[in-house]
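Participant: give me the fold of what follows.
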Amino acid sequence: MKNLLQLLRPHQWVKNVFVFLPLFFNGQFGNVRLLVQCGWAFMAYCCAASAIYCFNDIWDVEADRKHYKKCLRPIASGAVSKTSAYVLMGFMILLAVGIATMLCGTGRWWVLAVVLFYFCLNIAYCVWLKRIALIDVFVIALGFVLRVITGGVATGVWLSHWILIMTFLLALFLAFAKRRDDVVLYEESGVLARNNIARYNLSFMNQAITIVATISLVAYIMYTISPEVVQRFDSPFVYSTSIFVLLGILRFLQLTIVDLRSGSPTKVLLSDRFLQCCIIGWVLTFILIIYV
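Facilitator: Prediction:
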């Protein structure tokens, strides 16, 4: 049971909190009905994501056995058979479909459509798209945008172009940082964690991460001082949240380039107190701006 649970990677479900962003920024996080709707969408996404992780570990089993960390995964280590993984994958995607249909109103069909598109996109990613340099990280970033869209269609909350742009840029930054870890492994040991790693090198990854980080910060500052945002939140102090974004980006760059800890952004987020304080400070500041 422990190995099957590990195959589902529940710690990765933290990524799906992006589903709640539209509700939070629309000032309706206290609306119980919409919060429940978002909760169902979140659970559907978690099940679909776990189904994808099952397929990914089945498809990548030979490559994982060559990786110094991934060789410990349940299928690569032999703790779980491919047959069991396929059965678990089928169960999780059926569970995702069932949960999505529990939403109220026409939003359920939109959520179901987006979740199934996310599932199909990631199957294509596992089989083919992740072999193509640059396309691989863009697909990862698109997955986070789909999470935000799911939260929007589940609750009927309008999505601004800002939230989609910022989500994409942040996810792209994290994806490049994660891929850099594979490049470091390749250059130090010659082990190809992914087939497309040969199309990257450390110099390119450092420049790409820096470019995306810079664009992300500039775009965020433009967002905080834009007239429409100031008017929408009825506050001229939205720009004050930029300090936490800057600190968070610099901290993650430090963890990536200095400490070489970007292999799993989720684990970094769950373990690094500095990053957690940045996120908490950012959230609390927005709570004061939006809800107080």
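Participant: which parts of the stretch 51-200 of the chain are helices?
Facilitator: Using DSSP state H, counting those that start in this stretch, the helices of the stretch 51-200 of the chain run over residues 61-64, 82-100, 107-127, 135-155, 161-189.
Participant: now those helices in TSV, please, with extra columns for mean pLDDT and mean neighbour count.
Facilitator: Any C-beta I mention is one placed from the backbone N, CA and C, and that applies to glycine too. Formatted as TSV, the helices of the stretch 51-200 of the chain follow (pLDDT from 0 to 100; neighbours: other C-beta atoms under 10 Å):
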stretch	mean pLDDT	mean neighbour count
helix 61-64	83	15
helix 82-100	95	17
helix 107-127	93	18
helix 135-155	95	22
helix 161-189	90	20
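Participant: now distance to Ile289 too, for these, in a markdown table please.
Facilitator: Output for these, formatted as a markdown table (distance: least, C-beta to C-beta, whole Å):
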| stretch | distance to Ile289 |
| --- | --- |
| helix 61-64 | 44 |
| helix 82-100 | 32 |
| helix 107-127 | 27 |
| helix 135-155 | 20 |
| helix 161-189 | 15 |
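Participant: and those: which comes nearest Phe42?
Facilitator: Closest approach to Phe42 among the helices of the stretch 51-200 of the chain (C-beta to C-beta): helix 135-155, 8.1 Å.
Participant: packing partners of that closest one?
Facilitator: Where contact means 3 or more C-beta pairs under 8 Å, 6 or more residues apart in numbering; DSSP states H and E, helix 135-155 is packed against helix 21-25, helix 32-59, helix 107-127, helix 161-189.
Participant: quick one: closest of those to Leu246.
Facilitator: Per C-beta to C-beta, nearest to Leu246 of these: helix 161-189, 12.9 Å.
Participant: off-centre distance for the closest one?
Facilitator: Distance of helix 161-189 from the chain centroid (C-alpha atoms, centre = their mean, to the nearest Å) equals 10 Å.
Participant: can you show me the CA trace of the helix or strand following it as PDB?
Facilitator: Using DSSP states H and E, the helix or strand that follows helix 161-189 in sequence is helix 202-225. Provided in PDB are the C-alpha atoms of helix 202-225 (Å, rounded to 0.1, in the frame of the first residue of the first chain):
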ATOM      1  CA  LEU A 202      24.300  24.900 -18.200                       C
ATOM      2  CA  SER A 203      25.100  28.200 -19.800                       C
ATOM      3  CA  PHE A 204      21.800  28.200 -21.800                       C
ATOM      4  CA  MET A 205      19.800  27.100 -18.700                       C
ATOM      5  CA  ASN A 206      21.300  29.900 -16.600                       C
ATOM      6  CA  GLN A 207      20.400  32.500 -19.200                       C
ATOM      7  CA  ALA A 208      16.900  31.100 -19.700                       C
ATOM      8  CA  ILE A 209      16.200  31.100 -16.000                       C
ATOM      9  CA  THR A 210      17.500  34.600 -15.600                       C
ATOM     10  CA  ILE A 211      15.400  35.900 -18.600                       C
ATOM     11  CA  VAL A 212      12.200  34.300 -17.400                       C
ATOM     12  CA  ALA A 213      12.800  35.400 -13.800                       C
ATOM     13  CA  THR A 214      13.300  39.000 -15.000                       C
ATOM     14  CA  ILE A 215      10.300  39.000 -17.300                       C
ATOM     15  CA  SER A 216       8.200  37.500 -14.400                       C
ATOM     16  CA  LEU A 217       9.200  40.200 -12.000                       C
ATOM     17  CA  VAL A 218       8.700  43.000 -14.500                       C
ATOM     18  CA  ALA A 219       5.300  41.600 -15.500                       C
ATOM     19  CA  TYR A 220       4.300  41.300 -11.800                       C
ATOM     20  CA  ILE A 221       5.200  44.900 -11.100                       C
ATOM     21  CA  MET A 222       3.300  46.100 -14.100                       C
ATOM     22  CA  TYR A 223       0.300  44.100 -12.900                       C
ATOM     23  CA  THR A 224       0.400  45.700  -9.400                       C
ATOM     24  CA  ILE A 225       0.500  49.200 -10.700                       C
END
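Participant: helices and strands around helix 202-225, which ones?
Facilitator: Judged by 3+ C-beta pairs under 8 Å, 6+ apart, helix 202-225 is in contact with helix 161-189, helix 242-253.
Participant: Gln207 is nearest to which of those helices?
Facilitator: Taking C-beta to C-beta, helix 161-189 is the member of these nearest to Gln207, at 9.9 Å.
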